[in-house]
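got a sequence here, can you model it:
(one chain, ligands or ions: 1)
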Amino acid sequence: MASKSSLLKVILLGDGGVGKSSLMNRYVTNKFDTHLFHTIGVEFLNKDLEVDGHLVTMQIWDTAGQERFRSLRTPFYRGSDCCLLTFSVDDNQSFLNLANWKKEFIYYADVKEPESFPFVVLGNKLDVTERQVSTEDAQQWCRENGNYPYFETSAKDATNVAVAFEEAVRRVLAMEDRGDHLIPTDTVNLHRKPRSSATCC
Ligand SMILES: Nc1nc2c(ncn2[C@@H]2O[C@H](COP(=O)(O)OP(=O)(O)OP(=O)(O)O)[C@@H](O)[C@H]2O)c(=O)[nH]1
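Now for the predicted structure:
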């Protein structure tokens, strides 16, 4: 039986076109659109779910991956509970850029302890036939950069989309159970108990 309810902010970062909006839409509405426009700034959708007995409202923030929208997206990083670093398995440059996305997130979200922040890595477009990034290379990057969970997803056919988002929730809940509060938040949260060590600015 569910024991408590939480509002979790999960943010999707990655190059333009890797499929962030599509992943969010697939997970929340179970739809896939081949003619999406580039995101400008940020958008978010909520999804209620139960993970290991915890009732959770996941607020999924989809950001604009294109460089020209950087100043529009970065103000929304603060208060994130988990970051989904996303690349496309048919685009090697999007994989190489993961390190930059991680750095940008840590800086603008003002993460105090980056080594223990819950990142999850998604290699999207698993359905494509011509891959540029191997599973092994992606797994190695995840091992070397903080032992991050890695999921190969397809927003198009829904492969692994739900399990990836659920893992994000599990990572956050595990941290909260340990009492780790790594990121300042200036979001008013009407569901959660106040975080005792969160800073206010
Ligand atoms: N084959 C395939 N195409 C996908 C998949 N996910 C997204 N796409 C397509 O890739 C293109 C870009 O998808 P978006 O979801 O808009 O990508 P994004 O990362 O949100 O892009 P920005 O908003 O520019 O940051 C669209 O044409 C999608 O239909 C997938 O899993 N498989």
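
rest of the way, CA atoms for contacts and neighbours
Fine.

CA atoms only: put whatever helix or strand L72 lives in into CSV for me.
With elements taken from DSSP states H and E, the one containing L72 is helix 70-73. The C-alpha coordinates for helix 70-73 follow below in CSV (Å, rounded to 0.1, in the frame of the first residue of the first chain):
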residue,chain,number,x,y,z
ARG,A,70,20.5,28.2,-23.5
SER,A,71,19.6,31.3,-21.6
LEU,A,72,15.9,30.3,-21.7
ARG,A,73,16.4,26.9,-20.3
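
whichever helix or strand comes after that helix - contacts with which helices or strands?
Toward the C-terminal end, the helix or strand that comes next after helix 70-73 (DSSP H and E) is strand 82-88. Strand 82-88 is packed against strand 5-14, helix 92-96, helix 98-109, strand 119-124, helix 161-178, with contacts defined by 3 or more Cα pairs under 8 Å, 6 or more residues apart in numbering; DSSP states H and E.

which strand residues bridge the residue nearest in space to the middle of the chain?
By Cα atoms, centre = their mean, the mean C-alpha position of the chain lies nearest to L84, the distance being 2.3 Å. Beta bridges link L84 to L12, V120, judged by DSSP bridges.

then Y150?
V121.

isn't it right next to V120, touching?
Yes - counting by Cα atoms under 8 Å, Y150 touches V120, with 6.3 Å between them.

quickly list what's touching both of these two.
Common neighbours of Y150 and V120, using Cα atoms under 8 Å, 6 or more residues apart in numbering, do not exist here.

stretch 140-154 and the ligand in contact?
Yes - residues of stretch 140-154 are located near the ligand by Cα under 6 Å from any ligand atom, namely S154.

list the buried residues of that stretch.
Residues of stretch 140-154 classed as buried by neighbour count (16 or more other Cα atoms under 10 Å): 141-142, 147-154.

from the residues you listed, which land in strands?
When DSSP state E defines the strands, the subset of those inside them is 150-152.

ok, of those residues, which one's closest to the ligand?
E152 (9.4 Å; Cα to the nearest ligand atom).

go ahead and confirm that closest one touches N160.
Yes - the pair E152 and N160 qualifies as a contact (Cα under 8 Å) at a distance of 6.8 Å.

for the ligand, what are the nearby residues on the chain?
Contact residues, the chain versus the ligand (Cα under 6 Å from any ligand atom): 15-22, 33-39, 64-66, 124-125, 127-128, 154-156.

alright, that wraps it up for me.
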